[in-house]
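Novice: return a 3D structure for these sequence lines:
(one chain, ligands or ions: 1)
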Amino acid sequence: MPKSHGVKGLNNPVRGSQKKPRVVIAGVGDVGVLVATRLSRRCEVVAISTRPALVSGQELGTRLTDPTSWRRTYLVPYRRFRRLDRVRQLQGRIIRADLEGDSVEVELSDGTTVIEPYDIFVIATGASNGFWRHDRIEDIATTEAGLASVSEELKAAKTIAVVGGGTTGVSVADNLARRGGAEVHLFHSGEEPLPGYHPKARSWITRVLSADGVVLHPDHRAITPAGFTGDRLTHEPIEWATDQAPFTADATLWAVGGMRPHSNFLPAEVLDDSGFVTVDEYLRLPGYRNVFAVGDVAASDPHRSSARNWGFRVVVANVRAELKGSSKLKRFHAPEYRWGSILGLQPEGLTVVQPDGRRFRIPRWIAEPLLMRVFVTQYLYGGLRKGSRS
Ligand SMILES: Cc1cc2nc3c(=O)[nH]c(=O)nc-3n(C[C@H](O)[C@H](O)[C@H](O)COP(=O)(O)OP(=O)(O)OC[C@H]3O[C@@H](n4cnc5c(N)ncnc54)[C@H](O)[C@@H]3O)c2cc1C
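Specialist: A predicted model of the protein is given here:
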């Protein structure tokens with residue numbers, strides 16, 4: 001049964017003994033890192049992560065075609081984050097959460113296990129999605145090798161098929177076509193790519209893809225090989241459930257969604273039918289005042305978009321409110337349509353699609369210094385130390 005009492009130990013023992021409340025954060029990806037950096041001053045934060053670096057799930061297109069620029073912002077060892085200095089970091093994977101007993105069991109990278117108790121628990125473990133997001137324990141060298149091997153395989157291919165018309169498929173197909181050297185085919189199941197985006201955005205991206213040389217194949221639904229999760233490039237002919245002739249490419253990249261949430265350490269009753277974590281409008285688990293979930297693992301809205309819709313601010317505000325004993329919680333709001341950068345930073349700048357389908361472009365000469373260095377590095381990350389990038 002879910003617990004409905006207040007946050008354990010906050011009213012008396014924690015404040016009375018001047019001890020800082022203990023916040024355990026599961027997963028230090030795009031969202032977990034933002035939560036950890038904002039709570040580390042007032043709380044004792046323990047951040048549990050499968051890797052020793054932030055490996056962002058954003059911008060797969062530029063990650064494959066321009067890995068050097070991508071790394072600058074999106075592959076950053078945690079030791080470079082000034083605001084993580086106060087955070088106790090454990091490299092490992094949570095294998096069990098005891099929500100009644102307020103603790104988690106962690107399998108560390110050396111194979112041992114530890115129990116970490118908490119006052120507040122924040123779940124930000126994301127979801128697996130193709131080869132670029134997973135929950136394996138990994139060091140930086142392995143991450144780097146994985147990046148390099150896929151990039152090399154794609155560089156060697158003369159024909160590339162990208163299956164899936166979501167943000168990732170579109171971003172990869174367009175960036176590969178712009179780079180040149182291969183014929184790029186994008187297969188998607190609807191009439192236009194980018195389901196979930198405003199119709200104006202969908203028409204716009206169709207024009208952009210064609211203009212950039214991507215060969216579009218609408219109304220193609222691929223048959224995914226049995227047991228295959230899209231975690232590597234394939235080379236066999238692609239078969240279609242929609243009856244078209246099989247298509248053979250030198251390399252096929254699968255970006256068919258089918259996200260698998262990293263939630264198997266949680267009891268089934270806090271998950272929805274697809275395994276995502278059920279949350280209320282405050283991004284809190286119903287019945288558990290001291291447990292929050294945010295990012296791709298959280299069933300916050302139909303698009304599960306709390307990562308890009310500033311869910312970290314909601315969680316940080318609500319953790320602070322809970323710790324103060326305040327009932328004034330911040331609500332999470334998500335727009336009806338998806339939004340964001342789709343193609344990443346290009347020579348002409350960064351185009352951002354808005355929920356109403358309009359878009360604006362930040363020229364590269366402003367986007368690089370202001371957006372990437374000032375906004376992301378200073379504001380979002382709270383300052384990065386210089387040093388080897390990875
Ligand atoms: C500010 C911001 C802006 C964004 N803008 C855009 C945009 O413009 N366009 C766009 O397409 N997307 C954008 N996104 C969204 C982004 O594409 C994804 O939604 C985001 O990467 C998901 O982050 P996450 O923290 O939920 O998951 P991840 O970044 O995948 O992090 C989860 C981490 O948890 C680890 N983990 C998994 N299981 C366990 C476990 N059991 N124990 C411990 N650790 C575990 C994983 O290994 C991983 O490191 C944005 C996100 C943010 C935060």
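Novice: so which bits of the stretch 51-200 of the chain are right by the ligand?
Specialist: Residues of the stretch 51-200 of the chain found near the ligand (Cβ under 6 Å from any ligand atom) are Arg51, Ser56, Gly57, Gln58, Arg93, Ile94, Ala124, Thr125, Gly126, Arg133, Asp135, Thr167. Backbone N, C-alpha and C define where each C-beta goes, glycine included.
Novice: any idea which of the residues you listed has the most stuff around it?
Specialist: Ala124 (32 neighbours; other Cβ atoms under 10 Å).
Novice: with adjacent residues omitted, what lies nearest to that one?
Specialist: Of all residues not flanking Ala124 in the chain, Gly32 sits nearest, at 3.8 Å (Cβ to Cβ, 6 or more residues apart in numbering).
Novice: how many neighbours does that neighbour have?
Specialist: Neighbours around Gly32, by other Cβ under 10 Å: 25.
Novice: again, but for Lys324
Specialist: The tally of other residues near Lys324 (other Cβ under 10 Å) stands at 10.
Novice: for Ala148, same thing?
Specialist: Counted with other Cβ under 10 Å, Ala148 comes out at 11.
Novice: doesn't it belong to a strand?
Specialist: No: counting by DSSP: H, G, I helix; E, B strand; the rest coil, Ala148 is not part of a strand but helix.
Novice: now whichever residue of the stretch 101-250 of the chain sits closest to the ligand: phi and psi?
Specialist: Nearest residue of the stretch 101-250 of the chain to the ligand: Gly126, at 2.6 Å (Cβ to the nearest ligand atom). Gly126 adopts backbone torsions of phi 70, psi -160, taken as degrees, to the nearest 10.
Novice: wait, it touches Ala298, no?
Specialist: No: in this structure, Gly126 is not within contact of Ala298 by Cβ atoms under 8 Å, at 9.7 Å.
Novice: now for these two: what residues contact both?
Specialist: Common neighbours of Gly126 and Ala298, counting by Cβ atoms under 8 Å, 6 or more residues apart in numbering, are absent.
Novice: what's the burial count for the nearest residue to Thr159 once chain neighbours are set aside?
Specialist: Excluding its sequence neighbours, the residue lying closest to Thr159 (Cβ to Cβ, 6+ apart) is Ala249, at 4.4 Å. Ala249 sits with 24 neighbouring residues when counted by other Cβ under 10 Å.
Novice: Gly325 now?
Specialist: For Gly325, using other Cβ under 10 Å, the count is 11.
Novice: tell me the pLDDT at it?
Specialist: You'll see Gly325 listed with a pLDDT of 94.
Novice: cool, Lys8 as well?
Specialist: You'll see Lys8 listed with a pLDDT of 41.
Novice: the chain - how does it break down into domains?
Specialist: Domain ranges of the chain: 10-129+259-351+364-380, 150-254, per automatic domain parsing.
Novice: how far off centre is the longest one?
Specialist: Its chain's C-alpha centre lies 9 Å from the corresponding centre of domain 10-129+259-351+364-380 when counted by Cα atoms, centre = their mean, to the nearest Å.
Novice: how about the residue nearest to Ala124, what does it touch?
Specialist: Gly32 makes contact with Ile25, Ala26, Ala47, Ser49, Val122, Ala124, Thr125, Gly295, according to Cβ under 8 Å, 6+ apart.
Novice: repeat that with 10 Å
Specialist: Contacts for Gly32 were tallied using Cβ atoms under 10 Å, 6 or more residues apart in numbering; they are 25-26, 47-49, 54, 122-126, 294-295, 312, 315.
Novice: how near is it to the ligand?
Specialist: Distance of Gly32 to the ligand, computed by Cβ to the nearest ligand atom, to the nearest Å: 5 Å.
Novice: got phi/psi on that residue?
Specialist: Main-chain torsions, Gly32, degrees, to the nearest 10: phi -60, psi -40.
Novice: just Arg179 next, same as before
Specialist: Per-residue torsions, Arg179: phi -70, psi -30 (degrees, to the nearest 10).
Novice: was I right to think it contacts Ala173?
Specialist: No: using Cβ atoms under 10 Å, Arg179 makes no contact with Ala173, being 11.0 Å away.
Novice: those two: which has the busier surroundings?
Specialist: Using other Cβ under 10 Å, the more surrounded residue of Arg179 and Ala173 is Ala173, with 32 against 15.
Novice: any chance you could map the helices in the chain?
Specialist: For the chain, the helices defined by DSSP state H cover 15-16, 32-39, 60-65, 67-74, 140-156, 167-179, 199-211, 311-324, 364-366.
Novice: show me the contacts for Lys386.
Specialist: The contact partners of Lys386, taken as Cβ under 10 Å, 6+ apart, are Arg80.
Novice: burial measure for the residue in the stretch 151-300 of the chain positioned nearest to the ligand, as a count.
Specialist: The ligand sits closest to Gly295 of the stretch 151-300 of the chain, with a gap of 2.2 Å, by Cβ to the nearest ligand atom. Gly295 has 31 neighbouring residues, counting by other Cβ under 10 Å.
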